[in-house]
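Q: okay, here's the prediction I keep looking at, along with the sequence it came from:
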Amino acid sequence: MQSKKIREIVNILKEYNNFIITSHVNLDGDALGSELALYFILKQLQKRVTIINQDRIPYIYSFMPGIGNIICGDMLGNNFVLNIKPETVLIVLDSSNLERIGNIGIDLKKTKLIVNIDHHPSNTNYGHINYIDTTSSSVGEIIFHLCTELGCQLTEQIAKLLYAAIITDTGSFRYANTRAETFHSAYLLAKAGANPHLIANYIYNNNELSGLKLLGEALLKLQTDLDSKISWTIVTREMIQHTCAKEEETEGIVDRILSIKCVQVSVLFRETGEGKIKISFRSKGEFNVDCFAKIFGGGGHPNAAGCQLEGNIHTIVEKIISELKRALDSFQFKYNSQSFSREI
């Protein structure tokens, strides 16, 4: 932990009384678990706290303690204007840039101070205070250490939330961001009341039939290039409407197609409701998909990243897969972000 920076954040949390917490669009377990854990930590300090997110909460996270305290963008209405009290601190979690929090950022930028807490190497340091720990598995793990630094009680509620944050961002401890310290944090959270079996059951065994139908259609469109060790598929608006699936039910498809033997990189291309193409990358070798995604304005982690482009989905698939094949064939999974960016 960067002791000087963490102390600076501790001092801010103790000094100020009004806080707004937010995170990125397309909410995931790390974003929600970290937000709610920090909410309960600040409540222990007798602070006034509001959580506001652009997007609605995926149903698989409805088990999280305190989930009803989150204000979502669709609750606010088009004409909603946020009344920000003086001396309000905005805490942005798990967002590599301020644009990723969505349209609500227009009002939230009016806050007195912006505290940026993240673990993505691509973070742009947009806050007045920036705490970026790229060695941490998740923002949940950072909030766990922050709770300790503040001297707050690690309640069962907080432990459940942080454990959920950690397992979702590590792919249940399968991703390369899993370290020995991650297991130690998970151990302490389990001791404090997080039940690994129940939390995993809520997240991974709580699928709707529509989501499985969508997965089936995506698998029917699966393509591979085993010479280049790539698998990819698409999800169109027609497929989502046909299966009556929710947007969030596309999550996990890219991980499923990465499980193919010999495949090192998988890609999911999804049409969004705004006419854009969201692209998700996963890798299980040395190939750094964060570096690859940055070329197209995206980013993330070495083994999990994404970007968003405008245009026809089939044209974009052809472009991305072509570039990906060239990158994989040229570098043979052995490069760093600097050399990769120069070569591309």
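A: Cool, got the structure. Numbers count the residues shown, from 1 in each chain.

Q: just to confirm, which helix or strand has the most far-flung residue of the chain relative to its centre in it?
A: Distance from the C-alpha centroid of the chain, by C-alpha atoms, centre = their mean, peaks at D227 (30.7 Å). In the assignment (DSSP states H and E), D227 maps to no helix and no strand.

Q: torsion angles phi and psi at it?
A: Phi and psi for D227, reported as degrees, to the nearest 10, are phi -70, psi -40.

Q: roughly how far does it sit from Q264?
A: 11 Å (C-beta to C-beta, to the nearest Å). To be clear about C-beta, it is placed using only N, CA and C from the backbone, and glycine gets the same treatment.

Q: which residues touch the nearest residue to T148 once chain neighbours are set aside?
A: Nearest residue to T148 in three dimensions, chain neighbours excluded: L154, at 7.7 Å (C-beta to C-beta, 6 or more residues apart in numbering). For L154, the contact set (C-beta atoms under 8 Å, 6 or more residues apart in numbering) comprises F144, C147, T148, L188, L189, A192.

Q: between the residues you listed, which sits nearest T50?
A: C147 (19.5 Å; C-beta to C-beta).

Q: I'd assumed A37 was in contact with the closest one.
A: Yes: if you go by C-beta atoms under 8 Å, C147 and A37 touch, sitting 7.3 Å apart.

Q: spell out the residue ranges of the helices in the stretch 101-250 of the chain.
A: 105-108, 139-150, 156-169, 180-191, 196-204, 209-220, 237-243 (DSSP state H, counting those that start in this stretch).

Q: turn these into a markdown table, columns for distance to I20, mean pLDDT and mean neighbour count.
A: Formatted as a markdown table, those follow (distance: least, C-beta to C-beta, whole Å; pLDDT from 0 to 100; neighbours: other C-beta atoms under 10 Å):
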| stretch | distance to I20 | mean pLDDT | mean neighbour count |
| --- | --- | --- | --- |
| helix 105-108 | 6 | 79 | 16 |
| helix 139-150 | 16 | 96 | 23 |
| helix 156-169 | 18 | 97 | 27 |
| helix 180-191 | 26 | 97 | 16 |
| helix 196-204 | 27 | 95 | 15 |
| helix 209-220 | 32 | 96 | 16 |
| helix 237-243 | 32 | 96 | 15 |
